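>>> Starting from these lines, generate the structure:
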Amino acid sequence: MASRGRRPELQGPPELYYDKNEARKYVRNSRMIDVQIKMTGRALELLCVPEDKPCYVLDIGCGTGLSGDYLSDEGHYWVGIDISPAMLDEALDRETQGDVILGDMGQGIPFKPGTFDACISISAVQWLCNANKKSDIPARRLYCFFSSLYSVLVRGGRAVLQLYPENSEQLELITTQATRAGFTGGVVVDYPNSAKAKKFYLCLFSGPSASLPEGLSEDTEEEKPAESTFTAGSGVYRRHVLAVNLGKLWGLSSQFSSLI
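The predicted structure follows:
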């Protein structure tokens, strides 16, 4: 049995971790529901989609459909994909307005090119950084995910992926594969000085590089919110850390330097 307090993705494959008991928590635990809704709202805000135009949104790791409910309330249409049958069963029992499918994002997103206007994901991408069997190669699964995501978005479409990276090396692994797949964008960190409230959002652009939104901070005068941007092109990878380097975010002494 996994020890209490360990990160969920270290306790086994997601399709096994998110069983019927975990799925019930996501529809009955008011605190979990509140956190999920708040992160979804923030992800939608970072997408910068037109307020007066309904969008067709892909929800990666849709779970029980809580994020989808928020998207529906905001006037958008959505499709969700998740690897857990138990979570999707709860979504169907709740009669969510979007369509949901069973699938492993590490094996690619099974939709035609240019299907979606935008994409959100809440607390899912970090699961791809773990190998649950010998054939699982995290870098390969991440690249398969990001390259297929790049394909299914319309040209100029955006994705905002909230995630819980374990450390700066894992975050670099994720952003490197996103860049290889063709995305530009960066990481927005809300409340970087708070152990509990700090949240990471990977903001991706499937077209020309755009201005990266600012992170939220309780005290913007003392220290600017943390942002990390990257651009892709001609096999050259560049990262610039603005205001606070990733090493500092993790409490490390090493400098997160630019790669050129």
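>>> just the helices in the stretch 51-200 of the chain please.
All helices of the stretch 51-200 of the chain, identified by DSSP state H, counting those that start in this stretch, fall at 66-73, 85-93, 138-152, 168-180.
>>> Buried residues of the longest one, list them for me.
Read it as helix 138-152. Neighbour counts using 16 or more other CB atoms under 10 Å place 138, 141-152 of helix 138-152 among the buried residues. All C-beta atoms are positioned from the backbone trio N, CA, C, and that covers glycine.
>>> go on, stretch 50-70?
55, 57-70.
>>> Run through the stretch 1-150 of the chain and note the low-pLDDT ranges.
Counting by pLDDT under 70, the stretch 1-150 of the chain has low-confidence residues at 1-5.
>>> So which residues of it form strands?
56-60, 77-82, 99-102, 116-122 (DSSP state E, counting those that start in this stretch).
>>> So which of the helices of the stretch 51-200 of the chain is nearest residue 111?
Closest approach to residue 111 among the helices of the stretch 51-200 of the chain (CB to CB): helix 138-152, 4.5 Å.
>>> Just the angle for the closest one relative to strand 116-122, thanks.
Counting by axes from the mean of the first three to the mean of the last three CA atoms, to 10 degrees, helix 138-152 lies at 150 degrees to strand 116-122.
>>> on contacts alone, who are the packing partners of helix 138-152?
strand 56-60, strand 116-122, helix 168-180 (3 or more CB pairs under 8 Å, 6 or more residues apart in numbering; DSSP states H and E).
>>> and for that helix, what are the contacting residues?
Residues outside helix 138-152 that contact it (CB atoms under 8 Å, 6 or more residues apart in numbering) are 58, 60, 105-116, 119, 125, 128-131, 159, 173-174, 176-178, 180-183, 204, 206.
>>> There's contact between residue 166 and residue 129 in this structure, I believe.
Yes: using CB atoms under 8 Å, residue 166 is in contact with residue 129, at 7.3 Å.
>>> more neighbours, those two?
residue 129 (19 against 14; other CB atoms under 10 Å).
>>> which residues does that one contact?
Residues 9, 138, 142, 165, 166, 170, 173, 174 are the ones in contact with residue 129 under the rule CB under 8 Å, 6+ apart.
>>> Considering those, which is situated nearest to residue 75?
Looking across the contacts of residue 129 and measuring by CB to CB, the closest to residue 75 is residue 174, at 30.5 Å.
>>> which residues touch that closest one?
125, 126, 128, 129, 142, 163, 165, 202.
>>> how near is the last one to residue 128?
When CB to CB, to the nearest Å is the yardstick, residue 202 and residue 128 sit 12 Å from each other.
>>> for this protein, what's the longest helix?
Assignment by DSSP state H gives helix 30-47 as the longest helix of the chain.
>>> Contacts for that one, please.
25-27, 66-67, 70-71, 74, 118, 120-123, 158-162, 188, 190, 199, 201, 203, 213, 216.
>>> so which of the strands of the stretch 1-150 of the chain is the most packed in?
strand 116-122 (a mean of 25; mean count of other CB atoms under 10 Å).
>>> Need the residue closest to the centroid of this protein.
Nearest to the mean C-alpha position of the chain, by CA atoms, centre = their mean, lies residue 161 at 2.1 Å.
>>> Fine by me, thanks again.
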